[in-house]
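# When you get a sec, could you give me coordinates for this:
(one chain, ligands or ions: 1)
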Amino acid sequence: MPQHYTQGTIHIKNLLLRTYVGINPEEKVKKQDVLINITLRCSRILNAPEGAIDQTLDYKKVVKTIIPFVEENRFELLEVMVRQVLDKVMAFEGVEWARVEIDKPHAIRFAESVSIALEAERT
Ligand SMILES: Nc1nc2c(c(=O)[nH]1)N=C([C@H](O)[C@@H](O)COP(=O)(O)OP(=O)(O)OP(=O)(O)O)CN2
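This is a model prediction of the structure:
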């Protein structure tokens, strides 16, 4: 007996990319690691028939959109990168809600990492 699935989320975990991010002069000439975690809610994944990739949200398309966007652009404020990545995720049809968190490892002396997270909901 099929269940009544209530909520489906896709988690893209620890996508490790390199890009220019920072306000300091040396950060504008040397790429740094950024670690991206994305959680998105999409009802299409609740009942997509087996093999019917066209009836769900293809998480590979999300990843393959984010990778070039992050690696081919330059960012100063981390929150601007988060907002712009979140906008890219929300642009996918079927995404109802999403959270993007981006870590900048070793951004601050004595701290393992600094991250900023933002969420958005389709209204
Ligand atoms: N909503 C879903 N989307 C996708 C699913 C899925 O099960 N549900 N599955 C896939 C693929 O199976 C993916 O997991 C593996 O695909 P692939 O090996 O092509 O991904 P890579 O990024 O490793 O491939 P590249 O060689 O780097 O292009 C996709 N979406």
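# buried stuff in the lowest-mean-pLDDT helix or strand in the chain?
Least confident helix or strand of the chain, by mean pLDDT, DSSP states H and E, is helix 44-47 with a mean of 94. Using 16 or more other C-beta atoms under 10 Å as the test for burial, helix 44-47 gives 44, 45. Heads up, the C-betas are built off the backbone N, CA and C, glycines and all.
# try stretch 63-79
66, 69, 70, 75, 78.
# just checking, residue 79 touches residue 118?
Yes - at 7.2 Å, residue 79 counts as touching residue 118 under the criterion of C-beta atoms under 8 Å.
# For the ligand, what is the nearest residue in this structure?
With C-beta to the nearest ligand atom as the measure, residue 60 is the residue of the chain nearest to the ligand, at 3.8 Å.
# Where do the helices of the chain begin and end?
Taking DSSP state H, the helices of the chain run over residues 44-47, 59-71, 78-90.
# about what we covered before: what pLDDT does the residue of the chain closest to the ligand get?
As summarised for this prediction, residue 60 has a pLDDT of 98.
# how deep is it tucked in, by neighbour count?
Neighbours of residue 60 under the rule other C-beta atoms under 10 Å: 9.
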